[in-house]
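Novice: Fold the following, please.
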Amino acid sequence: MKPLIGISCSFNQKDGRFFLPEAYVEAVINARGVPLILPGSGIIKAVAPYFRVIKGLLLAGGGDLDPRLFNEEPLPGLGEVNPDRDRFEIMLVRAAMQRRVPILGICRGIQVLNVACGGSVIQHIPLEIIDSLKHSQSAPRWHPTHQVSIAKESRLEGILQCDSTRVNSFHHQAVRRPANGFDVTARSSDGVIEAIERRNSPFVIGVQWHPECMVSKDRNSRLLFRSFIEAALCHPGKSRKN
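Specialist: Numbers count the residues shown, from 1 in each chain. The predicted structure follows:
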């Protein structure tokens with residue numbers, strides 16, 4: 001049976017619309033999963049019912065995180081924040097971690113994953129990293145524009161079977177301090193953290209790039225999604241025993 005994958009989505013605060021780029025849905029389907037879009041807004045107070053059916057959690061990209069979540073004041077360059085979406089996705093992450101449901105965080109998703117577990121985020125890369133790369137590319141979304149180095153003996157290296165890969169890039173924020181229990185498993189040449197993963201977990205990985213946009217042209221992107229779906233198929237999401 002194909003596993004049901006919950007996908008977080010964006011919420012337009014001005015007109016009350018939920019939306020999600022089609023690429024996320026297609027990537028899950030192509031990897032033999034069944035996508036289920038999870039709408040998050042201020043009226044959603046609990047996420048436990050979702051975990052009665054979903055076997056994996058995909059955290060999609062989107063806007064900036066509220067720096068209050070990691071005890072910082074807003075800095076120049078911070079974009080629009082959505083407190084309701086932040087709250088909802090943090091609830092999703094914590095519920096998934098408790099139930100050992102596989103998680104794949106993409107772009108904003110890696111940042112949500114990290115902050116939900118106690119880490120912090122760089123609010124605006126050009127403000128904090130001298131001579132940073134161009135992390136918001138002027139190229140088609142499927143086109144990889146810079147290289148990342150992958151940590152040896154990491155789960156990510158095991159999935160991709162390589163120590164470096166080229167990725168696409170559409171962000172101005174990034175993981176600053178990884179949460180306890182997480183390892184940094186990829187960096188770009190300017191030192192920006194490009195991937196993290198949680199130790200001793202079935203599958204909890206965040207990547208700063210957008211593999212969902214590259215699956216039709218990039219083998220490594222397909223391998224990452226296939227591994228995620230396989231983990232969801234193998235781990236039905238049982239709660240930890242205390």
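
Novice: Which positions in stretch 193-212 come out as buried?
Specialist: Going by neighbour count (16 or more other Cβ atoms under 10 Å), the buried part of stretch 193-212 is 193-198, 201, 203-212. The C-beta positions use only the backbone N, C-alpha and C, and glycine is treated the same way.

Novice: Now do the helices in this structure.
Specialist: Under the criterion DSSP state H, the chain contains helices at 22-30, 83-99, 108-116, 125-128, 155-160, 219-234.

Novice: Return the first one as PDB; C-alpha atoms alone will do.
Specialist: Output of helix 22-30 as PDB, limited to C-alpha atoms (Å, rounded to 0.1, in the frame of the first residue of the first chain):
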ATOM      1  CA  GLU A  22       2.300  21.500  -7.700                       C
ATOM      2  CA  ALA A  23       5.900  20.300  -7.700                       C
ATOM      3  CA  TYR A  24       5.600  18.900  -4.200                       C
ATOM      4  CA  VAL A  25       2.500  16.900  -5.100                       C
ATOM      5  CA  GLU A  26       4.100  15.500  -8.200                       C
ATOM      6  CA  ALA A  27       7.300  14.600  -6.400                       C
ATOM      7  CA  VAL A  28       5.400  12.600  -3.800                       C
ATOM      8  CA  ILE A  29       3.300  10.800  -6.400                       C
ATOM      9  CA  ASN A  30       6.400  10.000  -8.600                       C
END
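
Novice: Give me the contact list for stretch 76-91.
Specialist: Residues outside stretch 76-91 that contact it (Cβ atoms under 8 Å, 6 or more residues apart in numbering): 8, 10-11, 13, 40-42, 44, 46-47, 59, 62-67, 69, 109, 112, 115-116, 123-124, 126-127, 172.

Novice: of those residues, buried ones?
Specialist: Here, 16+ other Cβ under 10 Å leaves 8, 10-11, 13, 40, 44, 47, 59, 62-67, 69, 109, 112, 115-116, 123-124, 172 buried among those.

Novice: The lowest-mean-pLDDT helix or strand in the chain - contacts with which helices or strands?
Specialist: Least confident helix or strand, the chain: strand 10-12 with a mean of 88, by mean pLDDT, DSSP states H and E. Judged by 3 or more Cβ pairs under 8 Å, 6 or more residues apart in numbering; DSSP states H and E, the packing partners of strand 10-12 are strand 17-19, helix 83-99.

Novice: D218: which of the ones you listed is closest?
Specialist: Closest of these to D218 is strand 17-19, at 24.6 Å (criterion: Cβ to Cβ).

Novice: from memory A174 sits against H124, does it?
Specialist: No. A174 is not in contact with H124 according to Cβ atoms under 8 Å; the separation is 9.7 Å.

Novice: of the helices and strands packed on strand 10-12, which approaches L4 most closely?
Specialist: helix 83-99 (13.2 Å).

Novice: so where is the chain shaky, pLDDT-wise?
Specialist: In the predicted model of the chain, residues 236-242 satisfy pLDDT under 70.

Novice: Turn the helices of the chain into JSON lines, columns for distance to P74.
Specialist: As requested, those are exported to JSON lines (distance: least, Cβ to Cβ, whole Å):
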{"stretch": "helix 22-30", "distance to P74": "28"}
{"stretch": "helix 83-99", "distance to P74": "13"}
{"stretch": "helix 108-116", "distance to P74": "15"}
{"stretch": "helix 125-128", "distance to P74": "12"}
{"stretch": "helix 155-160", "distance to P74": "32"}
{"stretch": "helix 219-234", "distance to P74": "33"}
